[in-house]
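A.B. asks: 3D, please:
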Amino acid sequence: MKKLGKVWSEYSFIFVLIVIFIVYAITSSGLTWSGVMNIFRHSAVIGTVALGMGLICLTGEIDLSVGSMLALTAGFSVIVFNITGSILLTLLFALGFGAVCGFVNGLLVGGVQMPAFIVTLATMLIYRSFAQYFCQHVDRALIGGGSSVYKMDTAKASYQTLFGFGNGKIATIPTVGIVMLIMTALFVYLSGWTKYGKKIYAIGSNFKAAKMSGINVSMMKISAFTICGILTGLGAFLWIAMNGSADPATTGSSYEMYAIASVVLGGIAMSGGRGKMLGVLFGAMSYTIVDKIIVALKMDSLINNAIKGIILILVILVQVAGPQIREKFRKAA
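C.D. replies: Numbering: from 1, shown residues only. Modelled structure (predicted):
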């Protein structure tokens, strides 16, 4: 019984995905390989961003700015592509600019020691505002001739290559999904098999003990936010590769909530120090499937976020109440 409880606590995200998948199979009247791969594709951007959020949550912090950061980075990356026509330079810019945005958050949280909630709430507003402002005030040619959307120049020779990458498949598996899998494997290794990962867990488990043991907590938090920025930059690159444009008003909208939900559904504790990065992949796919279930049930789209919010509250409630219930049963025994 104890072994079963341990397996459940460590790998509950697998069971959650299976249950949600079964519900989706029932509501959608059957599954096809194409449908499953479509879920995989739609999970790519949020899954990539959620990996960064997971790293931050392991330290006991949070980043509410990732959705706005995604919009700003995606918009500016479109401009870089329209100027240079280079896929490589666009990718490097997205990663670098995302890193700068994440570093700003990390410096204020880890260096200045301001509350992460307040800092990232402020930068969420700042990044989104910048994305909208520059879309209205830069040369029309730089944003693809649109009036309120960053649109990639389809006349560039490399556009079809980039768009083909964003919407292409390798052995029926979406390329953007493969990118998400590679990043998941990398961060599973980083968090579970390196000294850096052990320090991240130590900070989230016991901040004071980690500091007393010689861990540079400030630098570790700065690095976690910076890495989250890099992953958000990668997510922005995948976004423009898939869509060919970025709307500053809607791109990445509510993605901070989706990323947090993916992390929580993946079994990472919001209090920090507990959970597996592998769970983030399963959490992102679970949240994407919930979207599909809502569509399959033909529910009013206006109630969509309410349902997701309720699911998020229930999962966090299980996270908080679960250990307390187990402890009561242990004492009673």
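
A.B. asks: Against G60, how distant is L314?
C.D. replies: Applying CB to CB, to the nearest Å, the value for L314 to G60 is 22 Å. Where you see a C-beta, it was placed from the backbone N, CA and C, and this is true even at glycine.

A.B. asks: Between the two, point out the one with more neighbours.
C.D. replies: Higher neighbour count among L314 and G60: G60, with 19 against 11, using other CB atoms under 10 Å.

A.B. asks: Could you tell me the backbone phi and psi angles at that one?
C.D. replies: phi 90, psi 10 (degrees, to the nearest 10).

A.B. asks: That one touches G272, doesn't it?
C.D. replies: Yes. If you go by CB atoms under 8 Å, G60 and G272 touch, sitting 2.9 Å apart.

A.B. asks: Overlap of the contact sets of the two?
C.D. replies: Counting by CB atoms under 8 Å, 6 or more residues apart in numbering, the contacts common to G60 and G272 are I203, G204.

A.B. asks: Which residue ranges of this protein form strands?
C.D. replies: Remark: strands assigned in the chain by DSSP state E are 150-151, 169-170, 173-174, 245-246.

A.B. asks: Include mean pLDDT and mean neighbour count when you put the ones you listed into a markdown table, please.
C.D. replies: What follows is the strands of the chain, written out as a markdown table (pLDDT from 0 to 100; neighbours: other CB atoms under 10 Å):
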| stretch | mean pLDDT | mean neighbour count |
| --- | --- | --- |
| strand 150-151 | 92 | 24 |
| strand 169-170 | 92 | 11 |
| strand 173-174 | 93 | 18 |
| strand 245-246 | 92 | 23 |
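
A.B. asks: Turn those into CSV, columns for distance to L281.
C.D. replies: Below are the strands of the chain laid out as CSV (distance: least, CB to CB, whole Å):
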stretch, distance to L281
strand 150-151, 29
strand 169-170, 18
strand 173-174, 14
strand 245-246, 24
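
A.B. asks: so which of the ones you listed comes closest to A25?
C.D. replies: Nearest of these to A25, taken as CB to CB: strand 173-174 at 19.9 Å.

A.B. asks: Which other helices and strands does that closest one contact?
C.D. replies: Under the contact criterion of 3 or more CB pairs under 8 Å, 6 or more residues apart in numbering; DSSP states H and E, strand 173-174 touches helix 33-42.

A.B. asks: buried residues in the helix it packs on?
C.D. replies: V36, I39, F40, R41, H42 (16 or more other CB atoms under 10 Å).

A.B. asks: Looks like the last one contacts T288 (just checking).
C.D. replies: Yes. H42 is within contact range of T288, at 5.1 Å (criterion: CB under 8 Å).
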